[in-house]
Structures are given as C-alpha cells and as structure tokens.
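Have a look; sequence and predicted model below, questions after that.
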Amino acid sequence: FENSGWNDLHIIATSEEGCVTQHRDSLYVNPKPIVQFEASQLCNNFPISLVDNSTSPNGNINLWTWSVNSTVYNSPTLTFDSQGAESINFNLFIQDEIGCSAQENYTIDILSAPNVVISSDNYCLGSLTQFIANIDNTQNTNISSYQWNFGDNTTSNLPNPLHFYALANEFNVTLNITTG
C-alpha cells in the first residue's frame, strides 16, 4: 500500500475451473517509523557519536541496527573512531514495537581539525608575553572560540592574548580552539 490508514480491499479469486468468488474488506495499514539521528563531534580522529532520534506513531522503537563500514551495531546510540576518514557511509534500520520498520542511508562528512602552532615572544619575567595562534585552517571552518591556559591558573579567550607571568618558572601553555 502506498499510504497508511484505512484501505479498501477487493479480492477476486478464480479457480482453475473458472469459478469466481469476491471478497471486500477494509484493512488498516500502520505508518512507518520516521528515521532521524543526531551526530556530534564530527572531527577527524575523534570519537563520533550517533544518537537515534527516530519516532514512530505506533509506539516505541525497540530495534536499532547501525551498519557502518560493514560493521553492525545494535543500540540506540553509537560511538566510533573516525580514524582519519573524510566521510563515513552508514545505514540506520529501526523497528517499532508492532513490527513496522524503516531504514535510511546516510553519508556524513568528517572535518579535519585545524593545525595549530603556538608561538610567543619576550619570555622575560615582569614583561608582557604575546601569544600567537598560527592556525592552518585548510577547510576554512569558522573558529568559534579560543581557550588559552597559561599554566599558572590564568586563562584567556582571546585569539592572540598578552600575558604577564609574575614568577619565573616553566609553564605548560595549552590552547583549545573550537570550530563550527
């Protein structure tokens, strides 16, 4: 049936001898579930999470089958490592509690993380140090945030901050950038 809902049936049966019988009835066809998912952290070499958000007007979804690169997973959520992939093809099959099913094929693009090199000048005690994030952003993704940690319990969210160190020491400086 093309559509869910009530459908009229008209069955005609003919025997080998030519006898004909007819039957009319109505049949309710249940709608298919709607396949939907949410993907997060689509960055190269990071775990990717896929969460099923499918719905069914017939009740709960009780069967999930994700097929990713010939590997099958049965769960409403899936986390796997992108391992340097540029895109990932997968299929999501779902079935609801009355046995109606649906499936969709998807391709998601995996983003390359930008290459970041931290440079600074003037490492003198009592002087401001300029930190510069040299970013090789080959995919031209928008950088939405910078989070510097200067290793002395101070932070900055500026792209190229100035920082003053009050004590002479060795400090582990880190920068986390977020694209999107």
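Happy to help now that I have it. If you're wondering where the values come from, they're calculated on a predicted model, not measured in any experiment.

Which neighbours in the sheet does the helix or strand of the chain with the lowest mean pLDDT have, and how are they oriented?
The helix or strand of the chain with the lowest confidence, counting by mean pLDDT, DSSP states H and E, is strand 115-121 at a mean of 73. Strand pairing for strand 115-121, using DSSP bridges, gives strand 128-136 (antiparallel).

Pull the residues that contact the least confident helix or strand of the chain.
Defining contact as Cβ atoms under 8 Å, 6 or more residues apart in numbering, one finds that strand 115-121 is touched by 129, 130, 131, 132, 133, 134, 135, 136, 137, 173, 175, 177. C-betas here are computed from N, CA, C, even on glycine.

now do stretch 33-40
48-56, 58, 61, 92, 94-96, 100-104, 106, 108.

Now, those that are in strands?
48-52, 61, 92, 94-96, 101-104, 106, 108 (DSSP state E).

Quick check: residue 73 touching residue 79?
No. The pair residue 73 / residue 79 is not scored as a contact, 9.4 Å apart, by Cβ atoms under 8 Å.

quick one: the residue positioned nearest the centre of the chain from residue 75, how far?
Central residue of the chain (Cα atoms, centre = their mean): residue 39, 1.3 Å from the mean position. In this view, residue 39 and residue 75 are 15 Å apart by Cβ to Cβ, to the nearest Å.
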